[in-house]
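Enquirer: coords please:
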Amino acid sequence: MRVATWNVNSVKQRVPRLLPWLDERRPDVVCLQETKLADEAFEQLLGEERELGVDRVDFYESFAARVRAIQADLRALLGSLKARGHRIAGYAVSAKGTILLNSSGIDGQLLDYVVDLSPHKQGKIMPGVHLRVHDPGKLLQSPVPDYVLLLAWNFKDEIMRQQQEYLNRGGRFIVPIPAPRILEDSTV
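Expert: Numbering: from 1, shown residues only. A predicted model of the protein is given here:
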């Protein structure tokens, strides 16, 4: 086996010499290690990061506090609705939604079930929260949930368009991010 290693300052600048050499020598394995020197663009990026404060621990402590506040507010909102006897479903078994539920301690005590458009997820159990995943058509079956928590909030408009019949029947959506809120307008 032939192994070649290159330790260079700029692979990009060396490509015109590197490619013919590789064609000629034909190694089985090539290890390229690029040594980076800070250039003007790198220094500019570091400056922008410093201005944003992402180079300081307090930035991340503040971020963590904001996340904990969103989690607490979401639990309180869902808890209040459940205490008043409302039914709540979740929409979308997304990675971000699964993380939100698990990290916030939201499970079958606060959500009745979850739905997802993907037939590959339907019939499965949502990780961590142990809720069965149903077809979105369940949102129109009795008993219809009063609220649906959007777990793929970045697709809010698309989901609401798809679920216009649910909205027409008086259903309401909850968006958890950037702050938990019940959407008052039933149109997209």
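
Enquirer: going forward, measure contacts between C-alpha atoms and count neighbours the same way
Expert: Noted.

Enquirer: in the chain, which segments are predicted with low confidence?
Expert: 1, 6, 8-11, 34-38, 185-188 (pLDDT under 70).

Enquirer: Okay, helices next: where are they in the protein?
Expert: 11-25, 40-52, 57-83, 95-104, 156-162, 164-168 (DSSP state H).

Enquirer: okay, the last one in PDB with CA atoms only?
Expert: Only the C-alpha atoms of helix 164-168 are listed here, as PDB (Å, rounded to 0.1, in the frame of the first residue of the first chain):
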ATOM      1  CA  GLN A 164     -56.800  24.700   6.800                       C
ATOM      2  CA  GLU A 165     -59.800  22.400   7.600                       C
ATOM      3  CA  TYR A 166     -58.500  22.000  11.200                       C
ATOM      4  CA  LEU A 167     -58.400  25.800  11.400                       C
ATOM      5  CA  ASN A 168     -61.800  26.100   9.800                       C
END
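
Enquirer: Count residues in the vicinity of residue 90, would you?
Expert: Residues near residue 90, counting by other C-alpha atoms under 10 Å, number 27.

Enquirer: next one: residue 101
Expert: 20.

Enquirer: for residue 67, same thing?
Expert: 18.

Enquirer: I'd like to know how far it sits from residue 174.
Expert: 17 Å (C-alpha to C-alpha, to the nearest Å).

Enquirer: now do residue 145
Expert: Counting by C-alpha to C-alpha - residue 145 and residue 174 are separated by 12 Å.

Enquirer: on that earlier part again, do you know which of the helices of the chain lies nearest residue 126?
Expert: Minimum separation from residue 126 across the helices of the chain (C-alpha to C-alpha) falls at helix 95-104, 7.4 Å.

Enquirer: Between helix 57-83 and the closest one, find me the angle.
Expert: Inter-element angle recorded for helix 95-104 and helix 57-83: 80 degrees (by axes from the mean of the first three to the mean of the last three C-alpha atoms, to 10 degrees).

Enquirer: sorry, back to before: adding distance to residue 131 as columns, could you present the helices of the chain in JSON lines?
Expert: Output for the helices of the chain, formatted as JSON lines (distance: least, C-alpha to C-alpha, whole Å):
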{"stretch": "helix 11-25", "distance to residue 131": "50"}
{"stretch": "helix 40-52", "distance to residue 131": "39"}
{"stretch": "helix 57-83", "distance to residue 131": "16"}
{"stretch": "helix 95-104", "distance to residue 131": "11"}
{"stretch": "helix 156-162", "distance to residue 131": "20"}
{"stretch": "helix 164-168", "distance to residue 131": "21"}
